[in-house]
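**Q** I need the structure of the sequence given here:
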Amino acid sequence: MASLLEKVGVLIRANLHAMVDAALRQNSVAVIDQYIRQIEDNLEDLEDAVATVGGQVKTIKRRLKEYKAKSTELDKNIDLFLEESKDTLAVAAQSKLNSTNRLLADYNTQFENLTAEHQKLMDAKLKLEAKLTTTKQEREELQALLDLARSKEISVRAIRSLDDLVGAGDTDVARIAEGIRQRLDRATAEMEMVAGRLDKQMDEVLERNEIELQLGERRRRLGLD
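**A** Numbers count the residues shown, from 1 in each chain. Predicted coordinates for the structure are as follows:
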């Protein structure tokens, strides 16, 4: 289970900035898609682990209840045997009570350990689900940015083909070229706006992760973990 939590931790701590930069350099969202697939695969494993450990917690809890009841009953029986001077039965019951209490202690330790592990898995699941949602949003923004960049490249090629014609003095051609340049300026402005929004979202994600780390440290210092 530890290796699963380690893999999940790596995915949660993954740097979206670096992946976005790589996607922009490659002019493709493939690197983001691969990361999303990894999250989804590990999330599926994590959900299975949560269900498995959760079932074990319920089983141990039921056994604890049974052994506690058994221990209480044996304790009462020992007093009864002693009051009736049935020393042999009292000795046997005391021996059985000691064995039952040892099992009870073992089950209690298992219950505490499994409960802590189940909580860790649940926390990791929630964080990974949040990471998946954020990453999918970033992918959509990045895809829009790349589409806008491709449109700009097409516009640039079209304007370059008109540059020589504009110098010929044809006012109609010059007016058309100017209109295309205006559309290019607008596309450039839109691309800068989308890029700014993408940077802001990524900064918010990183800031939120930093806050979570700070709160986690504070909880550990206060003994709340």
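**Q** in the chain, which residue is closest to the centre?
**A** Central residue of the chain (CA atoms, centre = their mean): Leu128, 1.2 Å from the mean position.
**Q** which other helices and strands contact the helix or strand hosting that one?
**A** Assigned by DSSP states H and E, Leu128 belongs to helix 87-166. With contacts defined as 3 or more CB pairs under 8 Å, 6 or more residues apart in numbering; DSSP states H and E, helix 87-166 has these neighbours: helix 2-13, helix 16-26, helix 30-83, helix 171-222. (Glycine included, C-beta is placed from N, CA and C.)
**Q** just give the nearest non-adjacent residue to Arg150, would you?
**A** Asn27 (7.9 Å; CB to CB, 6 or more residues apart in numbering).
**Q** ok so, going back, the helix holding Leu128 to helix 16-26, inter-axis angle?
**A** Here helix 87-166 points in a direction 40 degrees away from that of helix 16-26 (axes from the mean of the first three to the mean of the last three CA atoms, to 10 degrees).
**Q** residue ranges with poor pLDDT in the chain?
**A** Filtered on pLDDT under 70, the chain yields the residue ranges 1-2, 155-156, 158-181, 184, 187-209, 225.
**Q** give me that answer again for 50
**A** Applying pLDDT under 50 to the chain picks out residues 168.
**Q** distance from the centroid: which residue in it tops it?
**A** Largest centroid distance in the chain under CA atoms, centre = their mean is Ser85 at 63.6 Å.
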